[in-house]
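[1] attaching a predicted model along with its sequence, questions to come.
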Amino acid sequence: MPIIGEKEQQQIREMLQGMSGPVSMLVFTQEGCAACAQTQQLVTELAALSDHLSATIHDIQAEPAQAERYGIDKVPAIALVGQKDYGVRFFGLPTGYEFGAFVEDLVDVSRGAAALGKKTQEYLAQITRPVRIQVFTTPICPVCPNMVRTAHKLAIESDLIRAEGIDATEFGELAEKYGVQSVPRTIVNEKLIFDGLIPEGKFLLEIAKAANQGG
């Protein structure tokens, strides 16, 4: 049974018309992963909706080099790769509110550019060290996609930033490790923590500070 209904397929096709280049959706799975089959099916169905999209499936146990190359340490995981790897990642099945953010990310990755404010662009230039952003979400959180989208836009615009949207319901132990009691909760370089929705400018200013302090 298809995950994406006929009505939704047409809406997605219209959204994907904004794509300007190819995007590879790399799905990482492993045996015994309950959500991996659904993730694989969803991405395969999406790939059929645009000539710009392709999907490949990788088993992290059978292909450890591929997993290491893309920084994948848990499954299901999806890496979105355009003309280059922009560091855009989803961990867990992107359903509910997160699905819209996933489709919008496909368009941005295809373009290799994201709509960011002028101040944000200025702050990006201040980053001199690698930054890892982890945004914990749930499929029923209406504001979570905004944080994930902002993090992914920053990753697309900066080679030093990697951004991950993580389903807290799928990765309970990891959510417990970072004290996730409500979402979105954003972790930057293992130290800086934001709860709730943060304005784009403030988000990046604090990230830049943390990065340049080695945070």
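    Noted; the coordinates are in hand.

[2] residue 27 - that's part of a strand, no?
    Yes. Applying DSSP: H, G, I helix; E, B strand; the rest coil, one finds residue 27 inside a strand.

[3] list the contacts of it.
    36, 39, 40, 43, 55, 56, 57, 58, 76, 77, 78 (C-beta atoms under 8 Å, 6 or more residues apart in numbering). Yep, even glycine has a C-beta here, placed from its N, CA and C like the rest.

[4] next one: it from residue 94, what distance?
    11 Å (C-beta to C-beta, to the nearest Å).

[5] any residues in contact with both of those two?
    residue 78.

[6] quick one, which of the contacts of residue 27 are buried?
    Neighbour-count burial (16 or more other C-beta atoms under 10 Å) is assigned, among the contacts of residue 27, to 36, 39, 40, 43, 55, 58, 76, 77, 78.

[7] in strands only, show me those.
    55, 58, 77, 78 (DSSP state E).

[8] taking those, tell me the two that lie furthest apart.
    Greatest spacing in these, by C-beta to C-beta: 55 and 77 (13.2 Å).

[9] how about the strands of the chain, start to end?
    Shown for the chain, the strands assigned by DSSP E span residues 23-29, 53-59, 77-81, 85-91, 131-137, 161-167, 185-188, 192-195.
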